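Asks: no sequence on this one, just coordinates:
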């Protein structure tokens, strides 16, 4: 079973052992999931690890799990020679250098939905605490005082809430504010006015929201474009005695400008859960803001609920498990985002294409120059980048030591001179949904092969959620691409299957499935016509048995693949 350690591991744990490093405190449910799904993995818990220690250790690990404390810098990633994935148990990835990770083909994932409700509820709690002076009144009573007149608040009913960033958290806050009978305005350049209107939210420009709102709540990520989004200009545009809530990201509000307008009495109050420096150590501006009488603060508690911690922990653990098993994550920050409902549809096709790639390189070894992928049916209407990455993974990982993922698939294909061309049609072909892989060119490699021997195409489909290959070269057949499979051509006449079955029985090899594929033809079959025998077996076939099958005289082109 998976080993969980809390101290620095010795570097010799066994060649090939998966090693997972967790450097921040995450919910134990996520660790338990890793332990159950990756029983042979070595899991090390090192909360509070120093940057130099992390740099020294990271080269031994395949996966790194963090929250907001660990800084995954380019210097750290430069030492991460074995790292396949960095998982952030939370929404933001401000503490991870995603550009450096992308350059090194390291997948970065987060949990964009695990703490939506927790973050929204915390924002509403800060909103109400700010409106009614609850923290200051509590401190006043603890000091033995009873000064009711100092803490006259305002009602939220009929007030205007300005939501900056109408994503999942922003929308959740807007809906809760509407339950408090507040009017909701919003600014988000990526959300349509019609979509907002259906939720009872009025979209406006940033300046209009700032000028009209009684309360402004921030729910946008921190980027070069949003850093300092509320500067001195914007803060002075706000209504006198307006209030700000920021439970999104430190740095969205210019802190020096904020302190200045607070000291001037322009704002009635500010509620902050996030800061440009966390924890606050040597930032004098932040220290003055936190100590200000009109500011209430919490130490980045937006996602700190029991339910959210479990949610983000298990969510990221599931994605780490998927990547370490050779699959793809559902919430990659530096690769195409696959929505859960889309992933559910595409996953069996991703498996199919990876298996088709592995099948082709074993059946027809040789240089790869150009591949044409043709999609037919409803599957063609989806974002097919994950499928192409899965194919490249199947093609390259069987003939090289490359670790292929959605980030580096195109780069690795280009490095090997492999061109992939896609054709899509929502019109069904032989099957309602199917994918055809066709290898183009390189006549020199195939010049010694006859038309029957040359395998230049594979076609596959998904039946009842299970990948099936339905064509190999010119032969139409049907089999599940997994395990050991024997392929051989034979003359289309009685007794061929019996000959092969007898030899396999003598070798102690159990046949799981057997089928015969024939070329699609309109003419009358002849005994001399070739057929393709496809036999799935439970065990590897010994060389003497393969040789005996080849020497029967009527059976030829014997090949075994292992998928």
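Replies: Perfect, thanks for sending it. Note that the structure is a prediction, hence the values are computed from the model and not measured.
Asks: Low-confidence regions, the protein specifically.
Replies: Low-confidence segments of the chain, defined by pLDDT under 70: 1-16, 336-340, 399-403, 441-454, 521-528.
Asks: So what sits opposite residue 421 in the bridge?
Replies: Residue 421 forms beta bridges with residue 372, as assigned by DSSP bridges.
Asks: That one and residue 413: what is the separation?
Replies: 12 Å (C-beta to C-beta, to the nearest Å). Every C-beta, even on glycine, is put in place using the N, C-alpha and C of the backbone.
Asks: Tell me which of these two has more neighbours.
Replies: residue 413 (22 against 11; other C-beta atoms under 10 Å).
Asks: name the element the closest residue in space to the more buried one that isn't next to it in sequence belongs to?
Replies: Nearest residue to residue 413 in three dimensions, chain neighbours excluded: residue 392, at 5.1 Å (C-beta to C-beta, 6 or more residues apart in numbering). Per DSSP states H and E, residue 392 falls inside helix 385-397.
Asks: which SS state does the closest residue to residue 334 other than its chain neighbours fall under?
Replies: Nearest non-adjacent residue to residue 334, counting by C-beta to C-beta, 6+ apart: residue 102, 4.5 Å away. Put simply, residue 102 is helix when judged by DSSP: H, G, I helix; E, B strand; the rest coil.
Asks: Helices along the stretch 301-450 of the chain, start to end?
Replies: 306-324, 340-363, 385-397, 409-415, 443-446 (DSSP state H, counting those that start in this stretch).
Asks: how near is the residue nearest to residue 334 to residue 86?
Replies: Counting by C-beta to C-beta - residue 102 and residue 86 are separated by 11 Å.
Asks: Overlap in contacts, those two.
Replies: residue 108 (C-beta atoms under 8 Å, 6 or more residues apart in numbering).
Asks: neighbour-wise, which of these two wins?
Replies: The residue with more neighbours, out of residue 102 and residue 86, is residue 86; 30 against 17, by other C-beta under 10 Å.
Asks: Hmm, residue 107 and that one touching each other?
Replies: Yes - proximity of residue 86 to residue 107 meets the contact threshold set by C-beta atoms under 8 Å, at 7.4 Å.
Asks: Check the contact lists of the two and give me the overlap.
Replies: What both residue 86 and residue 107 touch, as defined by C-beta under 8 Å, 6+ apart, is the set residue 101.
Asks: Which elements pack onto the helix holding residue 392?
Replies: helix 340-363, strand 370-376, helix 409-415, strand 419-425 (3 or more C-beta pairs under 8 Å, 6 or more residues apart in numbering; DSSP states H and E).
Asks: Residue 468 bridge partners, please.
Replies: With DSSP bridges as the criterion, residue 468 is bridged to residue 461.
Asks: contacting residues for it?
Replies: By C-beta under 8 Å, 6+ apart, residue 468 lies in contact with 352, 460-462, 478-481.
Asks: Between these, which sits nearest residue 169?
Replies: Closest approach to residue 169 among the contacts of residue 468 (C-beta to C-beta): residue 462, at 35.7 Å.
Asks: Enumerate every residue touching the closest one.
Replies: Counted by C-beta under 8 Å, 6+ apart, residue 462 has contacts 348-349, 352, 433, 468.
Asks: Name the nearest of those residues relative to residue 74.
Replies: Looking across those and measuring by C-beta to C-beta, the closest to residue 74 is residue 349, at 35.4 Å.
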